[in-house]
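Asker: Kindly return the folded structure for what I paste below:
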Amino acid sequence: FEAYEGGWDYYQQKRASRRGDRHGEAASKSSVKQASAPKAQQPTHKLPSKWQLERSLERLEQQIGELEDALEQVTTQLANPQTIDASALADLGRDHTRLEAELLTAMTAWDEATDQLAAKQAG
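Answerer: Have a look, this model is predicted:
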């Protein structure tokens, strides 16, 4: 049994193209617009595989480590504001805010990937 995404016309078109049926090919050419599956019937986003989740977690863990290191460097520089001019201090403040946001985003993605991997391993 083979599942087809479209309606009856789409099924007939695919069936005819596999069999080489001349009558089916002529009918399929005239109904190409009708044969395409509506957007609502398109398959939903496929969940990542276990392997993909593991690779994603490795990448996220590396990214989180790099962001934590960069954030620590900026925090250290901000701890001594007397050695920095005002414009550089403002830049460091913006960098700190950006790095915190990126770190939060990466940690949220890591948490979601961990949950998905746990669900895959349990199921």
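Asker: What count of nearby residues applies to the residue lying closest to G93 once chain neighbours are set aside?
Answerer: The spatial neighbour of G93 that comes closest, neighbours along the chain excluded (Cβ to Cβ, 6 or more residues apart in numbering), is L78 at 7.1 Å. C-beta: built from backbone N, CA, C; applies to glycine. For L78, the neighbour count with other Cβ atoms under 10 Å is 14.
Asker: Contacts only, for L78.
Answerer: By Cβ atoms under 8 Å, 6 or more residues apart in numbering, the contact set of L78 is L89, L92, G93, H96.
Asker: Would you reformat those as CSV and include distance to W110 and neighbour count?
Answerer: What follows is the contacts of L78, written out as CSV (distance: Cβ to Cβ, whole Å; neighbours: other Cβ atoms under 10 Å):
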residue, distance to W110, neighbour count
L89, 31, 15
L92, 26, 17
G93, 26, 13
H96, 21, 16
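Asker: Mind picking the one among these that's closest to D69?
Answerer: Distance to D69 across these (Cβ to Cβ) is lowest for H96, with 13.4 Å.
Asker: these two touch, right, the closest one and V74?
Answerer: Yes. Judged on Cβ atoms under 8 Å, H96 makes contact with V74 at a distance of 4.9 Å.
Asker: So for the residue nearest to G93, what's the pLDDT?
Answerer: With respect to pLDDT, L78 has a value of 92.
Asker: could you measure it against A118, distance?
Answerer: Note on L78: its distance to A118, by Cβ to Cβ, to the nearest Å, is 37 Å.
Asker: three-state assignment of Q62?
Answerer: helix (DSSP: H, G, I helix; E, B strand; the rest coil).
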